[in-house]
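J.: I need the structure of the sequence given here:
(2 chains)
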Amino acid sequence: GAVVSQHPSWVICKSGTSVKIECRSLDFQATTMFWYRQFPKQSLMLMATSNEGSKATYEQGVEKDKFLINHASLTLSTLTVTSAHPEDSSFYICSARGDFEQFFGPGTRLTVL
Amino acid sequence: AQSVTQPDIHITVSEGASLELRCNYSYGATPYLFWYVQSPGQGLQLLLKYFSGDTLVQGIKGFEAEFKRSQSSFNLRKPSVHWSDAAEYFCAVGGNSGNTPLVFGKGTRLSVIA
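T.: The predicted model follows:
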């Protein structure tokens, strides 16, 4: 149990385009989901906290107009990177909050050319 | 504010030797503590977790960790390292509040030599 999926697992896009990443909790409902970003050889940095049915809470320094988060149901949160640029290339990891712990998705590697 | 410190950026051990990865945390309440392992290009795999009770917790792959409240530490140990253990290890701390995300340390890269 407690499986979180992400789609796509990797994506390559041109600079200026938008990319949507989906995060799904497959066997449980998650009121809260979190989005992290991980640059090469670095740790996971929290980008935002996503609550079902309400606006996401962004960490300081994260542009909410650039990283659009929608948590429309208890099993799905999406992160849209708008007008992506090469500096947005990173590994994006979502997690869904269960009863006592977070369960992590496998990550999405975004490469912006 | 909560934080996690992993003092060792990179550790190299010989195969078969014992291992200890250090983790210190700062948290205002009773912490929930986790160790994750990440291989290159892969997602996170949970090794073990501490919520309450016995301060020595056993995890997968022969790992264990001990919670020491007085030292604000949660060090990860393994008695005999295998070459396949080479990876990045992250310690994380969180709380039992639904909106409290995990905070990660910067990670320790483990290299294993023959």
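
J.: Show me what from chain B comes close to chain A.
T.: Taking CB under 8 Å from any CB of the partner chain as the contact definition, chain B meets chain A at B:32, B:34, B:36, B:41-44, B:46, B:49, B:51, B:90, B:94, B:96, B:98-99, B:101-107. C-beta: built from backbone N, CA, C; applies to glycine.

J.: Enumerate every residue touching whatever residue of chain A ends up closest to chain B.
T.: Chain A approaches chain B most closely through residue A:106 (3.9 Å), counting by CB to the nearest CB. Contact analysis of residue A:106 by CB atoms under 8 Å, 6 or more residues apart in numbering or on different chains lists A:5-6, A:9, A:93, B:42-43.

J.: And those, which of them are buried?
T.: A:6, A:93, B:43 (16 or more other CB atoms under 10 Å in any protein chain shown).

J.: can you pull up the bridge partners for the residue positioned nearest the centre of chain B?
T.: What sits nearest the mean C-alpha location of chain B, by CA atoms, centre = their mean, is residue B:35, with 3.4 Å. According to DSSP bridges, the partner residues bridging residue B:35 are residue B:48, residue B:91.

J.: ok, now which ones touch it?
T.: With CB under 8 Å, 6+ apart, residue B:35 has these contacts: B:21, B:23, B:46-49, B:59, B:63, B:65, B:74, B:76, B:89-92.

J.: Could you do residue A:81 as well?
T.: A:18-21, A:66-67, A:88, A:110.

J.: cool, and residue B:72?
T.: B:24-27.

J.: which one of those residues has the most neighbours?
T.: Tallying neighbours with other CB atoms under 10 Å in any protein chain shown puts residue B:25 at the head of the contacts of residue B:72, with 21 neighbours.

J.: Once you drop chain neighbours, what's closest to residue 26?
T.: As the question left the chain open, I've gone with chain A. Spatial nearest neighbour of residue A:26, excluding adjacent residues (CB to CB, 6 or more residues apart in numbering or on different chains): residue A:3 at 4.4 Å.

J.: wrong one, chain B
T.: That would be residue B:3: by CB to CB, 6+ apart, it lies 4.6 Å from residue B:26.

J.: still on that earlier bit, got the contacts of residue A:106 as a markdown table, with pLDDT and secondary structure columns?
T.: Output for the contacts of residue A:106, formatted as a markdown table (pLDDT from 0 to 100; DSSP: H, G, I helix; E, B strand; the rest coil):
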| residue | pLDDT | secondary structure |
| --- | --- | --- |
| A:5 | 95 | strand |
| A:6 | 97 | strand |
| A:9 | 96 | coil |
| A:93 | 97 | strand |
| B:42 | 89 | coil |
| B:43 | 90 | coil |
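
J.: Output the below-cut-off pLDDT ranges for chain A.
T.: Low-confidence segments of chain A (pLDDT under 70): A:1.

J.: Over to chain B?
T.: B:96-98.

J.: residue contacts, the residue of it found nearest chain A?
T.: As assessed by CB to the nearest CB, chain A sits closest to residue B:43 within chain B, at 3.9 Å. Listed by CB under 8 Å, 6+ apart, the contact partners of residue B:43 are A:93, A:104-107.

J.: Select from those every entry located in strands.
T.: A:93, A:104 (DSSP state E).

J.: How about the residues of chain A by chain B?
T.: Residues of chain A lying near chain B (CB under 8 Å from any CB): A:31-32, A:34, A:42-46, A:49, A:51, A:93, A:95, A:97, A:100-102, A:104-107, A:109.
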